[in-house]
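Visitor: show me how the following folds:
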Amino acid sequence: MRKSVFPVMEAADERQYMLQKDFEIVERYGVPTGAMQMHNHGFYELMYIKEGEYACFVDNCLYTLRKGDFLLIDRDRLHHYQYVEKKHEKCERLLVWVTKEYLQQLSAEADLTACFSQKGAPAYHFPGNQSRRLISFLYWMKESAWEEGTQECERKLLERTYLTLFFVMLNRLCRQSVFQFSMDEVMPNPLTEKVFDYIDAHIAEPITVEDLAGATALSKYYFLRSFKELTGMTVHDFVVTKRLMRACRLIADGEPIAQVWMSCGFSDYSSFFRNFKKTYGMSPREFKNKCEK
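Guide: Model prediction:
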């Protein structure tokens with residue numbers, strides 16, 4: 001393992017939140033144990049494979065990434081790591097987390113967030129020279145910003161400059177569909193696709209295991225086992241997660257909280273409040289205030 005320029009996030013670290021306000025860049029090695037369960041977060045995530053192989057489920061599709069590949073995950077998009085025995089032990093990857101607000105601050109003229117919402121696969125093979133040049137911006141940022149004698153105001157300016165260059169070039173590359181994973185490289189899963197579609201269509205209604213098993217044409221017990229293997233979550237936890245994701249969007253859009261919990265299928269407000277605070281660490285009202293600010 002080479003000496004890391006960026007902080008190393010241990011494989012067993014289950015953290016799915018940022019320690020910094022605007023962005024965070026870390027290196028990870030080997031098989032992660034903290035991203036096995038479907039999850040989502042309110043910031044953008046970018047992964048670059050430095051060495052080896054890695055596999056990730058995004059929504060209902062599996063992407064197998066190899067050295068030089070990029071994976072871009074939009075805000076609030078469900079994803080999780082998919083372990084493949086004897087394939088991922090030597091994987092080295094660079095992980096970038098960044099907020100929408102920070103990318104908007106970097107440029108008022110260009111939409112630097114557009115690369116995370118391109119149509120098609122969120123995974124890319126960029127030409128080797130372009131890929132190396134792109135990643136070099138991040139390493140130059142780290143090395144120059146923390147050189148001895150660099151003042152704090154200079155460090156922040158260097159960070160903003162190199163990150164702006166990185167995301168301008170990234171967006172330019174992502175607009176070229178020839179670099180996206182082809183359909184042959186994407187493995188959709190029909191089971192999760194049917195479950196996602198059913199929940200989205202009935203989000204305001206009670207949803208039972210029997211309903212979802214029926215939508216997939218599987219027996220209840222085979223469905224439960226298959227779903228847990230694919231997502232790392234129980235059906236109940238997944239349905240609650242989808243309801244909460246919808247609730248966040250509605251609150252951010254200005255819908256009254258008194259209506260949100262009903263629109264998202266919670267049996268009562270106390271259930272909604274309890275699950276919301278457990279998941280996001282704040283009450284729905286506090287979240288609403290944060291959105292308004």
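Visitor: show me the domain layout of this protein.
Guide: 23-185, 189-292 (automatic domain parsing).
Visitor: got those domains as JSON lines, with mean pLDDT, mean neighbour count and distance to residue 8 columns?
Guide: Every C-beta, even on glycine, is put in place using the N, C-alpha and C of the backbone. Converted to JSON lines, those look like this (pLDDT from 0 to 100; neighbours: other CB atoms under 10 Å; distance: least, CB to CB, whole Å):
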{"stretch": "domain 23-185", "mean pLDDT": "91", "mean neighbour count": "17", "distance to residue 8": "5"}
{"stretch": "domain 189-292", "mean pLDDT": "91", "mean neighbour count": "16", "distance to residue 8": "24"}
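Visitor: can you map out the helices along the stretch 1-150 of the chain?
Guide: For the stretch 1-150 of the chain, the helices defined by DSSP state H, counting those that start in this stretch occupy 100-106, 128-145.
Visitor: could you dump those helices to CSV with distance to residue 27?
Guide: As requested, the helices of the stretch 1-150 of the chain are exported to CSV (distance: least, CB to CB, whole Å):
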stretch, distance to residue 27
helix 100-106, 20
helix 128-145, 11
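Visitor: make a markdown table out of the domains of the chain and add distance to residue 6.
Guide: Shown next, in a markdown table, are the domains of the chain (distance: least, CB to CB, whole Å):
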| stretch | distance to residue 6 |
| --- | --- |
| domain 23-185 | 5 |
| domain 189-292 | 26 |
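Visitor: who wins for proximity to residue 215 among the helices of the stretch 1-150 of the chain?
Guide: Between residue 215 and the helices of the stretch 1-150 of the chain, the tightest spacing by CB to CB is seen for helix 100-106, at 33.2 Å.
Visitor: how about the contacts made by the most centrally placed residue in the chain?
Guide: The residue lying closest to the centre of the chain (CA atoms, centre = their mean) is residue 73, at 4.3 Å. Neighbour list for residue 73: 44, 45, 46, 47, 58, 79, 116, 122 [criterion: CB atoms under 8 Å, 6 or more residues apart in numbering].
Visitor: mind running it again at 10 Å?
Guide: 40-41, 43-47, 56, 58-59, 79, 97, 116, 122-123 (CB atoms under 10 Å, 6 or more residues apart in numbering).
Visitor: select, out of the helices of the stretch 1-150 of the chain, the one closest to residue 33.
Guide: Comparing these by CB to CB, helix 128-145 comes nearest, at 25.5 Å.
Visitor: ok, residues contacting that closest one?
Guide: In contact with helix 128-145 (CB under 10 Å, 6+ apart) are residues 5-7, 25, 46, 48, 50, 67-70, 94, 96, 124-127, 150, 152, 154-170, 172-173, 176, 179.
Visitor: tell me where the stretch 101-250 of the chain has strands.
Guide: For the stretch 101-250 of the chain, the strands defined by DSSP state E, counting those that start in this stretch cover 123-125, 186-188.
Visitor: nearest to residue 293, of the ones you listed?
Guide: Of all these, strand 123-125 comes closest under CB to CB, at 34.3 Å.
Visitor: now for that closest one, which elements pack on it?
Guide: strand 61-66, strand 69-73, helix 152-174 (3 or more CB pairs under 10 Å, 6 or more residues apart in numbering; DSSP states H and E).
Visitor: quick one, the shortest one and strand 61-66 angle?
Guide: In this structure, strand 69-73 runs at an angle of 150 degrees to strand 61-66, with axes from the mean of the first three to the mean of the last three CA atoms, to 10 degrees as the basis.
Visitor: gap between strand 69-73 and the chain center?
Guide: 10 Å (CA atoms, centre = their mean, to the nearest Å).
Visitor: re earlier: turn the strands of the stretch 101-250 of the chain into JSON lines, columns for distance to residue 21.
Guide: What follows is these, written out as JSON lines (distance: least, CB to CB, whole Å):
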{"stretch": "strand 123-125", "distance to residue 21": "28"}
{"stretch": "strand 186-188", "distance to residue 21": "34"}
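Visitor: out of the ones you listed, nearest to residue 203?
Guide: strand 186-188 (21.6 Å).
Visitor: show me the contact partners of that closest one.
Guide: 55, 57-64, 82, 120-123, 180.
Visitor: what pairs with that strand, parallel or antiparallel?
Guide: Using DSSP bridges, the strands paired with strand 186-188 in its sheet are strand 61-66 (antiparallel).
Visitor: lovely, talk soon.
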